[in-house]
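Trainee: here is a sequence with its predicted model. Questions after.
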Amino acid sequence: MAANGNNGTRATGPRAVALVGPFQSGKTTLLEAILSRTGVIQRQGTVEGGNTVGDASKEARHHRMSVELSVATTTFMGDSYTFLDCPGSVEFVHDMRAELPAIDAAIVVCEMDEKKVPQLQLILRELEDQKIPRILFVNKIDKADAGVHDVLKLLQPASRTKLVLRQIPTFSGDLISGFVDLALERAFVYKEHAPSQVVPLEGELADREKTARFSMLETLADHDDELMEQLLEDIQPPRDKVFDDLTRELREGLVCPVLMGTAIRANGVLRLMKALRHESPGIADTAKRLGVKANGGDSVAYVLKTLNTTHGGKMSVARVLAGQAGDGITFLSSDGDEAGRVAGVFKLVGQNSEKRGPAAVGEVVALAKLDKAKTGDTLTAGKAPHAQVAKVEPYAPVLAIAISAKERKDDVKLGQALHKMAEEDPSITIVHNPETHEVVLWGQGEMHLRVATERLSDRFGVAIERRQPTVGYRETIRKSITQRGRHKKQSGGHGQFGDVVLEIKPLPRGSGFQFEEQITGGVVPRNYIPSVEEGVIDALKHGPLGFPVVDLHVALIDGSYHTVDSSDMAFRTAGRIGIVEGLPQCQPVLLEPIHLVEIVCPSEATAKINALMSGRRGQILGFDTREGWDGWDVVRAKMPEAEVGDLIVEIRSATAGAGTFTFKFDHMAELTGRTADQIVAARRAAE
Ligand SMILES: Nc1nc2c(ncn2[C@@H]2O[C@H](COP(=O)(O)OP(=O)(O)OP(=O)(O)O)[C@@H](O)[C@H]2O)c(=O)[nH]1
Ligand SMILES: [Mg+2]
């Protein structure tokens, strides 16, 4: 420890560290390595073997990827560390974004893979924006070859903060067999599932070390004038000073150190843990970053995840930012409402929870039965609510499916399950379409929605049927006519009589529906006119093509009545008949919703995106460089809703998962020809 010199500045208290990074970079495997190194588990599991702590949920095991945040607490050299293993897939990114405010530092697990650089950039952005200190861990070094020398060249474009290479690899033949730590100035060889062994640093390796160390120091000197002078005067800075600089510049977000290793063999893991121990900030810095104000020692906690467990009920995974969190404490949320009373504090290791005593400041625990607490809430045990320390809005959803319970009897259960699911994962939105009576589940992508429906059946016990959601087609007319609607029925006793003449005219796009009465001489008595309008409106819900009719003007211009047989009902029917018989003669035409779509993508994919948009009846409005994003473009287009439906799937496959889009309704456009015929035929068949 003396070697690190900076014991004076070492942060104290329990740490919270997130494992983030592009899809499948090895975060869950790294967690496994850390847990086995720190003695929480006896043997390191593998994702392939289906026995990791991180991917323990049924859905994660099944898909062999992380599909939600997983939390595990361990101890290293006497300090408590909670690791938050985040899913790498962009579809589950909200779980990562919502927990970031609570952490001291992030370990960004990445690979030497050009294709994953845009995704890495997205994650680093998130950390940069939230001002979270971060260490890059270049994983899968076992697969890298001599090309690994270009680590910075490959990865620097993803980071706005200067990367500092802390280690260089050493080789045995073509394979990487160890590394030199440039701050310690020591060479190590990797040992499988055992600490690396120190070896002499000599010969050609010593020369390589000097060069690499010098560039590390140069980067550090950008933020340290004294070090700059020493370098210029060729004075070797003391090791303590180098460690102090690394620590300070990491904590202040001035640099991002780069370490490397092989998670599956637990290589490089101990050095990573030591870097965290000595260099990463702690709860005091984090509380300051978040502006935590604990009046008179009141407890403050941030909820980073909400879970509805099958046995334990609702659990709020929270980090204690001030004071402590124990059984019986009543928390207020930031809007002043009572969040609930803690009924159980649990230590988490993946899916396992273990009851424990009160949590101290800095610890991450699960608090049971905070009925009203939500992910992202800032809770306090004080009298007045504490301001929200962070607010993380989920990204707008990009893909939808319509769902229903397989069995009618589960309808109520489905409603409750959806409510709980949306509470756990705010990046899911549930929309009830009053027109089609569909329940539409909006999410972040195919896998996200698939996992959501799996959870509904696995965890909440509701079997689901899924369908494509209905597109919001409408129809309108192109020709004006005048049409009589006459309802006459003589069925013994009281008859029914209503008679109207309607003038039906098209209106410009977006006008909706207008009704006007031009009755003179009382040919249709006043009191029946609203009923005529009701009948008309009723008939417009389902036009000759099968869709709601819009953009037309209907005037009641004439009619007749019968003193005994006329009634509200009879006039409503007459109004409806007028429309039903009239519309087919008005040249009905289909209208489809057109959205304004904005796609963001790495520039090398822009041509592909343009082609993709044109292939989907999109009208490209133009493209631009994305402001503040080097190497990214924005493409704008107008596109039919039917084509927007699964657009995200193709955008992601064209951009290695990095591209995304937003959309908003723009206008309704007439649609004719084969596509229109198919839509109408499909509608008829469905009816
Ligand atoms: N060769 C090699 N493979 C590794 C290493 N670490 C992980 N892998 C493999 O990479 C794949 C992904 O590993 P995970 O640990 O699931 O990666 P992840 O980042 O947690 O994945 P997501 O959470 O789904 O984004 C698995 O097949 C691992 O066995 C490593 O150091 N070397
Ligand atoms: Mg994972």
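Mentor: On my side now, so go ahead. Ligands and ions are numbered 1, 2, ... in the order given.

Trainee: contacts and neighbour counts: CA atoms only from here.
Mentor: Noted.

Trainee: closest to the centroid, which residue in this protein?
Mentor: Among the residues of the chain, the one closest to the centroid is His94, at 3.5 Å (Cα atoms, centre = their mean).

Trainee: which residues sit against the one helix or strand it maps to?
Mentor: Using DSSP states H and E, His94 sits within helix 93-99. Residues outside helix 93-99 that contact it (Cα atoms under 8 Å, 6 or more residues apart in numbering): 20, 68-69, 86-87, 126, 303-305, 375-376, 392, 394-395, 425-427.

Trainee: now the buried members of those.
Mentor: By neighbour count, with 16 or more other Cα atoms under 10 Å, those hold 20, 68-69, 86-87, 303-305, 375-376, 394-395, 425-427 as buried.

Trainee: pLDDT averaged over the helix holding His94 - what is it?
Mentor: Computed over helix 93-99, the mean pLDDT rounds to 95.

Trainee: touching ligand 2 at all, that helix?
Mentor: No. Helix 93-99 is not in contact with ligand 2 by Cα under 5 Å from the ion; minimum separation 11.5 Å.

Trainee: quick one on the thing from earlier: restricting to the contacts of helix 93-99, which residues neighbour ligand 1?
Mentor: Pro87 (Cα under 6 Å from any ligand atom).

Trainee: closest one of the buried ones among the contacts of helix 93-99 to ligand 1?
Mentor: Pro87 (4.0 Å; Cα to the nearest ligand atom).

Trainee: please name the nearest non-neighbouring residue to that closest one.
Mentor: Ser66 (4.6 Å; Cα to Cα, 6 or more residues apart in numbering).

Trainee: you'd agree that neighbour is up against Gly54?
Mentor: Yes. Under the criterion of Cα atoms under 8 Å, Ser66 makes contact with Gly54 at 7.5 Å.

Trainee: buried ones in stretch 429-441?
Mentor: 429-430, 438-441.

Trainee: same check on stretch 310-325?
Mentor: Those would be 314-325, for stretch 310-325 by 16+ other Cα under 10 Å.

Trainee: how about the residues of the chain by ligand 2?
Mentor: Counting by Cα under 5 Å from the ion, the residues of the chain near ligand 2 are 28, 66.

Trainee: and the chain, which of its residues are near ligand 1?
Mentor: 23-29, 47, 65-66, 87-89, 139-140, 142-143, 262-264.

Trainee: 8 Å instead?
Mentor: With Cα under 8 Å from any ligand atom as the criterion, the chain meets ligand 1 at residues 20-31, 46-48, 54-55, 64-67, 85-89, 109, 139-143, 261-267.

Trainee: right, and Ile464 touches Thr453 too?
Mentor: Yes. Between Ile464 and Thr453 a contact is recorded at 6.8 Å, counting by Cα under 8 Å.

Trainee: these two - which one has more neighbours?
Mentor: Using other Cα atoms under 10 Å as the criterion, Ile464 and Thr453 rank with Thr453 on top: 22 against 16.

Trainee: where does that one land on pLDDT?
Mentor: For Thr453, pLDDT reads 95.

Trainee: and what of Leu175?
Mentor: pLDDT, read off for Leu175, is 84.

Trainee: which residues touch the nearest residue to it once chain neighbours are set aside?
Mentor: Nearest residue to Leu175, sequence neighbours excluded (Cα to Cα, 6+ apart): Asp145, at 6.3 Å. Residues in contact with Asp145 (Cα under 8 Å, 6+ apart) are 174-176.

Trainee: what does Asp224 give?
Mentor: Neighbours of Asp224 in contact, by Cα under 8 Å, 6+ apart: Asp245.

Trainee: quick one, phi/psi of it?
Mentor: Main-chain torsions, Asp224, degrees, to the nearest 10: phi -150, psi 100.

Trainee: for Ile176, see how far away it is.
Mentor: The gap separating Asp224 from Ile176 is 33 Å, by Cα to Cα, to the nearest Å.

Trainee: what does Ala60 give?
Mentor: Taking Cα to Cα, one finds Ala60 at 31 Å from Ile176.

Trainee: so what's the residue count around Ser177?
Mentor: By other Cα under 10 Å, 18 other residues sit near Ser177.

Trainee: right, and the helix or strand after whichever strand or helix holds it?
Mentor: Using DSSP H and E, Ser177 falls within strand 175-181. Toward the C-terminus, strand 175-181 is succeeded by strand 186-191 as the next helix or strand (DSSP H and E).

Trainee: for that following strand, which strands pair with it and how are they oriented?
Mentor: strand 175-181 (antiparallel), strand 194-199 (antiparallel) (DSSP bridges).

Trainee: just to revisit the earlier point, show only the entries of the buried ones among the contacts of helix 93-99 found in strands.
Mentor: 20, 303-305 (DSSP state E).

Trainee: which of the residues you listed sit farthest apart?
Mentor: Val20 and Val303 (18.5 Å; Cα to Cα).

Trainee: biggest strand in the protein, by residue count?
Mentor: strand 588-602.

Trainee: identify the residues contacting that one?
Mentor: With Cα under 8 Å, 6+ apart as the test, strand 588-602 has contacts from 118, 472-478, 544-545, 626, 631-641, 644, 655, 658-672, 676.

Trainee: which of Ser66 and Gly54 has more residues huddled nearby?
Mentor: More crowded of Ser66 and Gly54, by other Cα under 10 Å: Gly54, with 33 against 26.

Trainee: pull the contacting residues for that one.
Mentor: 28, 31-32, 66, 70-72, 85, 350.

Trainee: one more time with 6 Å, if that's ok
Mentor: Counting by Cα atoms under 6 Å, 6 or more residues apart in numbering, Gly54 touches 28, 70, 350.

Trainee: closest to ligand 2 out of those residues?
Mentor: Thr28 (4.0 Å; Cα to the ion).

Trainee: in the stretch 551-687 of the chain, which spans are helices?
Mentor: 568-582, 606-615, 641-644, 647-654, 673-686 (DSSP state H, counting those that start in this stretch).

Trainee: quick one: list the elements packing against the fourth one.
Mentor: The criterion is 3 or more Cα pairs under 6 Å, 6 or more residues apart in numbering; DSSP states H and E, and there are no helices or strands that helix 647-654 contacts.

Trainee: buried among the residues of the chain next to ligand 1? Make that a PyMOL selection.
Mentor: Listed next is the PyMOL selection for buried residues among these, using 16+ other Cα under 10 Å:
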select buried, resi 20+21+22+23+24+25+26+27+28+29+30+31+46+47+54+55+64+65+66+67+85+86+87+88+89+109+139+140+141+142+261+262+263+264+265+266+267
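
Trainee: which of the residues of the chain next to ligand 1 fall in helices?
Mentor: 27-31 (DSSP state H).

Trainee: how about these in CSV, adding distance to Met273 and pLDDT?
Mentor: What follows is these, written out as CSV (distance: Cα to Cα, whole Å; pLDDT from 0 to 100):
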residue, distance to Met273, pLDDT
Lys27, 14, 97
Thr28, 16, 97
Thr29, 15, 97
Leu30, 11, 98
Leu31, 11, 97
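
Trainee: as a check, name the ranges of all helices in the stretch 151-300 of the chain.
Mentor: Assigned by DSSP H, counting those that start in this stretch, the helices in the stretch 151-300 of the chain fall at 151-155, 203-221, 225-232, 239-251, 269-279, 283-290.

Trainee: the ones you listed: which one's closest to Phe513?
Mentor: helix 283-290 (52.0 Å).

Trainee: so how far is the closest one off the chain centroid?
Mentor: 25 Å (Cα atoms, centre = their mean, to the nearest Å).
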